[in-house]
Each structure stands twice: as C-alpha cells, then as structure tokens.
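[1] Make a model of this:
(2 chains)
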Amino acid sequence: MARRFGATEEELQVLENGNAGRFAPREQAALKFAEALTLDSNNVPDELFASVRQYFSEGEIIEIAAVAGLFNYFNRFNNALQMEPTR
Amino acid sequence: MPRLSKIAPDQADPKAREAFEGFIKERGRVPNMFRTAAHRPEIMSTMTRHFQTVMTTGEVGRKLKEMVAVRVSHLNRCEY
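    Residues are numbered from 1 along each chain as shown, chains lettered A, B, ... in the order given. Okay, the predicted model is just below:
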C-alpha cells in the first residue's frame, strides 16, 4: 500500500533499515515518534516529542499516534495468530 | 500455517458483508486478517471502519501514514 501512495523502493528500504535520517525532518519526527511509541511507549523522550510538536498540530499528532497504535494492534493480532500475508 | 480459519466472502455474516464488499471494490480481495476476524462480524466491521478512518481522514498525508505503518510493522517483525 505504501508504494501505491507514492513511497519509492529506496524509501521502503530505508524504512526497513531504520535509517530515518534519509527523510525530511518532518517525516523523521513522525517516524521516530512511531518507533518510540512501539518500542517503549512509557518513555517517549521529551526532546523527541518537542520535535513532533514543532512540525505537527495536536490533531495531526493524534493521527500519527493512531496509525502507530493501530498497526501495533494489527501486528500483534497477526503475529500471534500466524496470519498469512494476503497474496 | 495460520492458526484460525478464514471466512469466505460469500459466507460472511451480513454485518461483515459491507466491509468485505468495500475491500473487494478497493483491492479486488479481502485481506486474510479481516477474513479471519469475520468470525466475530461486529469486531471485524468496526475494525475495518476504524482502519479506514485512521488511514483516510485528517490532514497528515497518506504517504507518511503508510510509511509509519511500514516502520511499525517492521519493528514488530510483522510481514503482514
């Protein structure tokens, strides 16, 4: 789906490698926030959240947190049930 | 090997059918996750509506939302 909405193969590769530095600062802030929310949600650093606030409105932060939260739900659901990817 | 069975679109409960039809219209098929969740049509239909709302409404661009989804899924070692 990411390809359909304009992500290039290079961008997808970078996402898999976790090197957010390749992206624009606004995109980096969103990606790093999503990473922190996924890996240690009680400890999202204040400096990281400040960079998110710099680029996004409160409503936009809700959108990003909702995408990251929803995919954590879906990923856990699919992993535990050993869901096969839809081909 | 998946742990639960999938519901075929033509076997879906009426409560899940609208969501199934939406996927078929948009992607030509229903993702396995939603076919499986259709064992509980109420959950499957709100799951689908929430997914659509989160991904298609608001002001953050769809591409960035998709990139966030890819990054999170990779961290969770979920290839789905």
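
[2] if I look at the closest residue to residue A:6 other than its chain neighbours, how far off is residue B:51?
    Once flanking residues are discounted, residue A:6 sits nearest to residue B:63: 4.5 Å by C-beta to C-beta, 6 or more residues apart in numbering or on different chains. The way it works is simple: take the backbone N, C-alpha and C, and place the C-beta from them, glycine included. For residue B:63, the distance to residue B:51 equals 17 Å [C-beta to C-beta, to the nearest Å].

[3] Who has more neighbours out of those two?
    A direct count of neighbours by other C-beta atoms under 10 Å in any protein chain shown for residue B:63 and residue B:51 places residue B:51 higher, at 19 against 16.

[4] how deep is the nearest residue to the more buried one once chain neighbours are set aside tucked in, by neighbour count?
    Spatial nearest neighbour of residue B:51, chain neighbours left out: residue A:70 (6.6 Å); criterion: C-beta to C-beta, 6+ apart. Residue A:70 has 20 neighbouring residues, counting by other C-beta under 10 Å.

[5] Residue A:70 and residue A:46: what is the separation?
    For residue A:70, the distance to residue A:46 (C-beta to C-beta) stands at 25 Å.

[6] for residue B:79, same thing?
    As judged by C-beta to C-beta, residue B:79 and residue A:46 stand 33 Å apart.

[7] Residue A:85 too?
    Distance from residue A:85 to residue A:46, by C-beta to C-beta: 37 Å.

[8] In contact with residue B:29, which residues?
    When contacts are counted by C-beta atoms under 8 Å, 6 or more residues apart in numbering or on different chains, residue B:29 touches A:86, B:23.

[9] does it sit in a helix, a strand or a coil?
    coil (DSSP: H, G, I helix; E, B strand; the rest coil).

[10] Out of residue B:79 and residue A:46, name the residue with the larger neighbour count.
    Per other C-beta under 10 Å, whichever of residue B:79 and residue A:46 has more neighbours is residue B:79, with 12 against 7.

[11] rewinding a little: so where does the residue nearest to residue B:51 fall, helix or strand?
    With secondary structure defined by DSSP states H and E, residue A:70 is part of helix A:58-80.

[12] Would you mind naming what in chain B lies close to chain A?
    B:1-4, B:29-33, B:36-37, B:50-51, B:54-55, B:58-60, B:62-80 (C-beta under 8 Å from any C-beta of the partner chain).

[13] List the contacts of stretch A:61-77.
    By C-beta under 8 Å, 6+ apart, stretch A:61-77 touches A:30, A:33-34, A:37-38, A:52-53, A:56, A:83, B:33, B:37, B:50-51, B:54-55, B:58-60, B:64-65, B:68-69, B:72-73, B:76, B:78, B:80.

[14] No further queries at this time; thank you.
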